[in-house]
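Colleague: Have a look at this prediction, sequence included:
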Amino acid sequence: NAFKVAAVQMASGPNVAGNLNEARRLIEKAVAQGIRLIVLPEFFTIMGVSDAERLAVREQPGKGVMQEFLAEMARKHRIWVVGGSIPMVADAQDKVRNTCLVFDEHGEQVARYDKIHLFNLDLGNEQYHEAATVEAGNQVVVVDSPFGRIGLAICYDLRFPELFRRGAAMGAQVFVVIASWPAVRVDHWLALLRARAIENQA
């Protein structure tokens, strides 16, 4: 069965409402082209902000404007939505979970994946310590859908083949990798995506 997927690309900023409006516009544009599965980017609701701002908008499971938005889009357009990732509450008070939620065409949440591998980089002029503000997940997640069994991953997870091997062992036929990946390493992104797909016949 052939079906169309849309990978929504957007340059999110610090304003959640503005980001949701832009996501809505792009989703509606995709729906008009017959898309049935829509994938949003990592932290599409809030980017380029201080850690405190992301902490301030984190949501509890099952409630909040970000989750309501994803459910509404899925239900209204009768599509499946892989909701990029959003900041969710963590066990640690001063951290968030980097969480990907999947909604079916009825607007029901059918999967949740919390990013397992956190990105830490120290090259002097280029520093990034995701673990300082994000709490890692520990569950490999696959979900049944009309498009096959989907395995979920987020950004830096792509560098860890064991995660994809585990997903494949759980029956994943398609992997969706949510990301806000640095443009300077896009060659790595493309090579690793192909490698993970070939390794796992996915």
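Modeller: Now that the structure is in, tell me what you want to look at.
Colleague: Please report the distance of the residue nearest the centre of the chain from Thr133.
Modeller: Of all residues in the chain, the one closest to the mean position by Cα atoms, centre = their mean is Gly84, 2.9 Å from it. Distance, Gly84 to Thr133, using Cβ to Cβ, to the nearest Å: 18 Å. From N, CA and C alone the C-beta is placed, and that goes for glycine too.
Colleague: Next: Val5.
Modeller: Looking at Val5 against Thr133, where the rule is Cβ to Cβ, the gap reads 31 Å.
Colleague: Of those two, give the one with the bigger neighbour count.
Modeller: Neighbour comparison, Val5 and Thr133: the larger count goes to Thr133, with 19 against 15 (by other Cβ atoms under 10 Å).
Colleague: Need the mean per-residue confidence for the lengthiest helix in the chain.
Modeller: In the chain, assigned by DSSP state H, the helix with the most residues is helix 16-31. Within the predicted structure, the mean pLDDT of helix 16-31 is 97.
Colleague: One more: stretch 180-196?
Modeller: Confidence over stretch 180-196, taken as the mean pLDDT, stands at 92.
Colleague: Contacts only, for the residue nearest to the centre of the chain.
Modeller: The contact partners of Gly84, by Cβ atoms under 8 Å, 6 or more residues apart in numbering, come to Val8, Val39, Leu40, Pro41, Glu42, Phe43, Phe44, Thr45, Cys100, Ile178.
Colleague: Kindly report the same for Ile116.
Modeller: By Cβ under 8 Å, 6+ apart, the neighbours of Ile116 are Ala136, Gly137, Asn138, Gln139, Val140, Asp157, Phe160, Leu163.
Colleague: can we see that at 7 Å?
Modeller: Ile116 makes contact with Ala136, Gly137, Asn138, Asp157, Leu163 under the criterion Cβ atoms under 7 Å, 6 or more residues apart in numbering.
Colleague: Reformat the residues you listed as CSV; add secondary structure and pLDDT.
Modeller: Supplementary listing: the contacts of Ile116 in CSV, determined by DSSP: H, G, I helix; E, B strand; the rest coil; pLDDT from 0 to 100:
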residue, secondary structure, pLDDT
Ala136, coil, 97
Gly137, coil, 97
Asn138, coil, 97
Asp157, helix, 97
Leu163, helix, 98
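Colleague: Any chance of TSV for these, columns neighbour count and distance to Leu20?
Modeller: Output for these, formatted as TSV (neighbours: other Cβ atoms under 10 Å; distance: Cβ to Cβ, whole Å):
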residue	neighbour count	distance to Leu20
Ala136	15	26
Gly137	22	24
Asn138	6	29
Asp157	23	25
Leu163	19	29
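Colleague: Mind putting those into TSV with distance to Val186?
Modeller: Below are those laid out as TSV (distance: Cβ to Cβ, whole Å):
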residue	distance to Val186
Ala136	25
Gly137	25
Asn138	29
Asp157	17
Leu163	21
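Colleague: Out of these, the closest to Val110 would be?
Modeller: For these, the residue nearest Val110 by Cβ to Cβ is Gly137; the value is 16.9 Å.
Colleague: surely that closest one meets Lys95?
Modeller: No: in this structure, Gly137 is not within contact of Lys95 by Cβ atoms under 7 Å, at 11.8 Å.
Colleague: which residues do these two both contact?
Modeller: Any residue near both Gly137 and Lys95 by Cβ under 7 Å, 6+ apart counts here, and not one turns up.
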